[in-house]
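[1] this one's structure only:
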């Protein structure tokens, strides 16, 4: 009997997704070339949503990938790894992301609140996973680091000015 042993790797996360209750992408970050084009990513997201949105389980094997997921009100959170990835590691990333967002959004984890605080989401995901490598699994640390980065980078007047500029550029 010939067994194949896989070398351990730090690159455990292939993607982090957040979809709304219609299966539309709110956030997606892919860390490898499994789905290189946006068209392939959208097809994968549609498939994953159709297989998971009516189930109560927390894990699925889909297209040769391990998918852990959680739903809350009108959002679906997904963390994807390879088929031989440790589900507990992926679940730790998912729980850290959800708990961090829950703290940052004051337990109001729903679509509207998330869309109003996308910069916090981007920073939180960057604190948890970098290039597919898990950096942090403690939501308290993630929230603390995001707060530090937001206070340094986004002075309230600068942030308001940037929002106004974006709004006017979209309205043209």
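    Yes, it's here. Here the structure is a predicted model, which is why all the values come from computation and not from measurement.
[2] Now do the buried residues in stretch 102-117.
    103-105, 109, 111, 113-114, 117 (16 or more other CB atoms under 10 Å). C-beta here means a position set from N, CA and C on the backbone, and glycine is covered the same way.
[3] for stretch 59-72, same thing?
    60, 65-71.
[4] Which member of those residues is positioned nearest residue 36?
    Nearest to residue 36 among the buried residues of stretch 59-72, counting by CB to CB, is residue 65 at 15.0 Å.
[5] if I pick the closest one, what's in contact with it?
    14, 34, 80-83 (CB atoms under 8 Å, 6 or more residues apart in numbering).
[6] Just flag the most distant two among these.
    Largest separation among those by CB to CB: 34 and 83, giving 11.4 Å.
[7] Between the two, which has more neighbouring residues?
    Set side by side, residue 34 and residue 83 show more neighbours around residue 34, with 16 against 10, by other CB atoms under 10 Å.
[8] And for the closest residue to the more buried one other than its chain neighbours, the neighbour number?
    Leaving aside its sequence neighbours, residue 34 sits nearest to residue 14 (CB to CB, 6 or more residues apart in numbering; 5.8 Å). Number of residues near residue 14 (other CB under 10 Å) recorded here: 22.
[9] Residue 31 too?
    Neighbour count for residue 31, taken as other CB under 10 Å: 18.
[10] thought it was touching residue 131?
    Yes: with contacts counted by CB atoms under 8 Å, residue 31 reaches residue 131, the gap being 5.9 Å.
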